[in-house]
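**Q** My questions are about this predicted structure, shown below with the sequence.
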Amino acid sequence: METRLSAVAGVGNGSLSQRATGRSYWQMRRGAEGPLRRTDAHARTAPVPPGAMFVPCGSSAPPDFEGFTLLLPAVSVGNVGQLAVDLVIFTLDMPKVGYFYTDCLVPMVGNNPYAAAAAENSTELSINAEVYSLPSKKLVVLQIRSPFVKNKYRSFCQTLLSWVKSSRCAKVILLSSSHAYQCDDQQLHGTPLRYLLSPAIQKTAGELMQRLNWKEMEKVAAYPGVNDTDMVLRIPGGGITTLLFSESCSNGIQMAVLLKFCSEGDNIPDALALVNYLNEWIQLVKSEQKSDAPATPSQWKIPHSWRLLFGSGLPLALF
Amino acid sequence: MATFFGEVVAAPSRAGVDDEEEEAAGEQREETPEDREIRRELGKKREVHILWNSKLSASTGSFTDEQFPCSKFILAIGHNSVAFLSSFVLNSGCWEAVGSVKLWNEWCRTSNTRSVLPTDAFCLFYKLISDPTVLLCQCNCYVAEDQQFQWLEKVFGCMREEDLQVTILSTCPVTDYKTPESTLTLPSPFLKALKTKDFKETICCPLLEQPNIVQGLPAAVLSYCQVWQIPAVLYQCYTDVIKLDTVTIEAFKPVLSSKNLKSLVKDMSRSGEILKKLVTTNEIHNNIYT
């Protein structure tokens, strides 16, 4: 498994790509008042909190995400979700508001993936999980740029969902992908895009999905050939998608999963297809044609860091 | 996946979790008490421990609640950067060894002895005798992904920051460097830097261009500093020689002029000699034919 920076989780081969005391972790770190006082003896002697926490950028107060839509990628086959999220952040020019600091993801740093090479903000450091927000669209985006540390995906899901609850986001949209080679006969027909809705969001979004003529992700027989009545949800190559979705269902969280069947390779077209699919539902960019037609790919801006997705140049001596 | 040479190679997957994990996640398999027990035992084995010399508390007089004041933290990760600090910094001031990290993983087991060879796996801490707020760390051992967070929390957890500035030195293969040209034609070794938002000093080499990234312990330390607003800089040396190498070590020399290191380097006359000795010792250990 590779860590890839696209903006930075990249495409293509080898390229880039509470503590128990009742106070939250970052309050412990900063002192309850806000400005960072890491010399606070209490903060430093406090035991290491498990999992992760949202840490706002700079010394600003934590932004309010109440009623916002949280958009995030599942780290899944072809990094399609991550690339789609890159397109959203870059096209909408979303400002970074904080970090999702966690021990569950492999550490990774690089310079601002959304800045042009010579731009002033190009030397801003980016880490493996960052939060971007656009209050005018009531949108908050969590970009994840590296894979999970082994056996930490479960604790990541828990921390993520507890953050969703505490930040009072209205709904969560998970962008994911699944191995195209594992599609069954019925999935091979028609569109490669699918959706899933948790019971909590069914009321508000279910009807719209029908109107958009979207296809729900099919369940498959748990024991094919033996018993065709037990149906289960399987998303091979979808990383934490299944776990996150089922946890959201049982916790009453409004979650929608949008996914595309794809294979590894150049996944930029997959990312564009997925982000257009998302745009049909929540209009992030205006479509050029009829109002009900999906936005064309040209409306999405590709981040500068998607350069060199297939590695460095080749030595001239080869030719 | 088979290659031209016939061997079977596992292709790196870009799916988020591996097949085994995915199965467990998908099936919602309940962990049995036995699973938990095994996991706990494994977790215990992989814990990172920091052993501070008991002398430390006596010498600084301020090591009471397991914290000491720290204004400069210089960290070298990997053989070449460790050797650079040994020959250019550690030899020129008066330093005392104050502690070490004990860890175990699939690649490395730190040795318990204090007298280490350059080829051993170790992670040692030194303090400047004339200014005990200057802490230096030489980390030669592999710190696994699941241990990096612990390492950070434990090392930084011991510090009481007093205008702390962090300098990290590390090396990585030049083939990891992304550039529109071929990496074959690049004059290696060369230095690139990454800095946190709060680092305002001058940097003695060009910044690392996107879409390049840094991973591992250097990335973990830099992320920590970025999130908690500690000024920090990472000097990453891209080299085509992975083992201990004089040219690679000397590529770090521009860093000596940085504000954080300048005051620590007093006498460089013997540095070359020490460096030569370090590299030769290593060669002997590596070659059974000499």
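**A** Great, that's in hand.
**Q** Secondary structure element holding B:Tyr238?
**A** Per DSSP states H and E: B:Tyr238 is located in strand B:232-239.
**Q** partners of the nearest residue to B:Val134 once chain neighbours are set aside in the sheet?
**A** Spatial nearest neighbour of B:Val134, excluding adjacent residues (C-beta to C-beta, 6 or more residues apart in numbering or on different chains): B:Leu128 at 4.0 Å. Backbone N, C-alpha and C define where each C-beta goes, glycine included. Per DSSP bridges, the residues bridged to B:Leu128 are B:Trp95.
**Q** OK, contacts around B:Leu128?
**A** Shown in contact with B:Leu128 (C-beta atoms under 8 Å, 6 or more residues apart in numbering or on different chains): B:93-95, B:134, B:136, B:264.
**Q** any chance of these in JSON lines, plus pLDDT?
**A** Shown next, in JSON lines, are the contacts of B:Leu128 (pLDDT from 0 to 100):
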{"residue": "B:Gly93", "pLDDT": "66"}
{"residue": "B:Cys94", "pLDDT": "86"}
{"residue": "B:Trp95", "pLDDT": "89"}
{"residue": "B:Val134", "pLDDT": "92"}
{"residue": "B:Leu136", "pLDDT": "93"}
{"residue": "B:Leu264", "pLDDT": "84"}
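**Q** Buried among those? Make that a ChimeraX selection.
**A** The buried residues among these can be selected in ChimeraX (16 or more other C-beta atoms under 10 Å in any protein chain shown) with this line:
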select /B:93,95,134,136,264
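**Q** For the contacts of B:Leu128, name the two members farthest from one another.
**A** B:Cys94 and B:Leu136 (12.2 Å; C-beta to C-beta).
**Q** on that earlier part again, what helices and strands are in contact with the strand holding B:Tyr238?
**A** Packed against strand B:232-239 by the contact rule (3 or more C-beta pairs under 8 Å, 6 or more residues apart in numbering or on different chains; DSSP states H and E) you find helix B:79-85, strand B:159-173, strand B:190-195, helix B:216-227, helix B:246-250.
**Q** Tabulate these (TSV), appending mean pLDDT and mean neighbour count.
**A** Below are those laid out as TSV (pLDDT from 0 to 100; neighbours: other C-beta atoms under 10 Å in any protein chain shown):
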stretch	mean pLDDT	mean neighbour count
helix B:79-85	91	26
strand B:159-173	92	21
strand B:190-195	95	21
helix B:216-227	95	25
helix B:246-250	90	19
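**Q** of all these, which lies closest to chain A?
**A** helix B:216-227 (3.8 Å; C-beta to the nearest C-beta).
**Q** For that closest one, give me every contacting residue.
**A** Under C-beta under 8 Å, 6+ apart, the answer for helix B:216-227 is A:55, A:99, A:101, A:107-109, A:125, A:127-128, B:75, B:77, B:139, B:143, B:148-149, B:151-152, B:156, B:166, B:168, B:170, B:194, B:196-198, B:213-214, B:230-232, B:234, B:236.
**Q** Which members of these are positioned in strands?
**A** Counting by DSSP state E, the part of the contacts of helix B:216-227 found in strands is A:55, A:99, A:101, A:108-109, A:125, B:75, B:77, B:139, B:166, B:168, B:170, B:194, B:213-214, B:232, B:234, B:236.
**Q** Let me know which of the helices and strands packed on strand B:232-239 is the nearest to A:Leu233.
**A** A:Leu233 lies closest to helix B:216-227 among the helices and strands packed on strand B:232-239, at 34.0 Å (C-beta to C-beta).
**Q** Output the closest one as CSV, restricted to C-alpha atoms.
**A** These are the backbone C-alpha positions of helix B:216-227, laid out as CSV (Å, rounded to 0.1, in the frame of the first residue of the first chain):
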residue,chain,number,x,y,z
GLY,B,216,8.0,8.4,8.0
LEU,B,217,9.3,9.8,11.3
PRO,B,218,10.5,13.2,9.8
ALA,B,219,6.9,13.7,8.5
ALA,B,220,5.4,12.7,11.8
VAL,B,221,7.6,15.3,13.7
LEU,B,222,6.9,18.0,11.2
SER,B,223,3.2,17.4,11.2
TYR,B,224,3.2,17.5,15.0
CYS,B,225,5.0,20.9,14.9
GLN,B,226,2.7,22.3,12.3
VAL,B,227,-0.5,21.3,14.2
